[in-house]
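Colleague: 3D model of this:
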Amino acid sequence: MIAAQRRPWLARYLTGHISRRLRRSFAALHLHGAEALRRAAREHPLLIVVNHTSWWDGLVLVYLTRRVLELDGYALMDAANLRALPFFGALGAFGLDLQSPQDVAAGLHYAAGLLDRPGRVVWVFPQGREQPSGTRPLGFRRGAARIAQLAPEARVVPMALRYELGPVERPLLYVSFGAALPPALTSLPGAIEQQCAAQEAGVIAELDRIERALRLDASAADAVFERLWLHRPGWAARAALALLCRAARGAGASRPRAGEG
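Modeller: Residues are numbered from 1 along each chain as shown. Next comes the predicted model:
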């Protein structure tokens, strides 16, 4: 197991870099359920289970944790991926060797130990690998359910991620947080499987919420999702756009009308 190696100064730099990349790459973030999540975090540590759909997912979690929710965040990663991308360790990622049962057991206890105070959050991708957001079933592994059993004071919150091309140049990013799931059972037969199924069903419900929002028109979608714009054009982009619009108007004014010339 690879423990998190928090580096506050490096984390600040990386958070700024990641935020700029998101602003350049996405037109907007549509966010649902963030305020309820903030309220829950003031009273409990949170274990957030997320579908894994894109290379961008880890960067989105950093932005959400540090810039939107302002929580003390950690994330579980495959140890091989963490070795390839060690900067995530400075941001709070810890790694498990999924091929080693002993390493997995140690990592799950480590994750549960982090969930010891309000304001703490541990993010987990229970699918273990990237899958299209339309995949059903999601195929959750049992690790997040085991963490929930080991940290009964934590609240388990399902979250859904979706990236969508739309009527603007850049893709749109949709994030939806659900209500906390019932507390994990600890000793009944089949308790792990029940908790795992509940986590998967919770994330699917949030993916369905996003799907419904996408079917609505823009004004209705704003009533469902708190819209947080990531991309704000700078003065140079605004000036260039103004010049293009002026040139287009000039071209339209100089074009001969039908029957003229």
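
Colleague: list the contacts for G119?
Modeller: 41-42, 45, 71-72 (C-beta atoms under 8 Å, 6 or more residues apart in numbering). To be clear about C-beta, it is placed using only N, CA and C from the backbone, and glycine gets the same treatment.

Colleague: what's the answer for E43, then?
Modeller: P118.

Colleague: ok so it is a helix residue?
Modeller: No. Counting by DSSP: H, G, I helix; E, B strand; the rest coil, E43 is not part of a helix but coil.

Colleague: Relative to Y174, how far out is it?
Modeller: Using C-beta to C-beta, to the nearest Å, E43 is found at 27 Å from Y174.

Colleague: Return the set of buried residues in the top helix by length along the chain.
Modeller: Looking across the chain with DSSP state H, the single longest helix is helix 191-215. Buried residues in helix 191-215, counted by 16 or more other C-beta atoms under 10 Å: 192, 195-196, 198-200, 202-204, 206-207, 209-210, 213.

Colleague: A179 - nearest residue in space that isn't next to it in sequence?
Modeller: Leaving aside its chain neighbours, A179 sits nearest to A36 (7.2 Å; criterion: C-beta to C-beta, 6 or more residues apart in numbering).

Colleague: I meant to write S54 there.
Modeller: Nearest one to S54, counting by C-beta to C-beta, 6+ apart, is Y163 at 5.8 Å.

Colleague: repeat for L185
Modeller: What sits nearest to L185 in space, not counting adjacent residues and going by C-beta to C-beta, 6+ apart, is A191, at 3.8 Å.

Colleague: Any chance you could list what contacts the longest helix of the chain?
Modeller: By C-beta under 8 Å, 6+ apart, the list of residues contacting helix 191-215 reads 30, 32-33, 49-51, 126, 133, 136-138, 140-142, 144-146, 148-149, 156-160, 162, 164, 174, 176-178, 181-182, 184-185, 221, 224-225.

Colleague: before we move on, back to that, the residue nearest to S54 reaches V175, doesn't it?
Modeller: No. Under the criterion of C-beta atoms under 8 Å, Y163 makes no contact with V175, lying 10.3 Å away.

Colleague: So if I had to pick from these two, which one is more boxed in?
Modeller: Legend: neighbour count by other C-beta atoms under 10 Å for Y163 and V175, higher for V175 (25 against 16).
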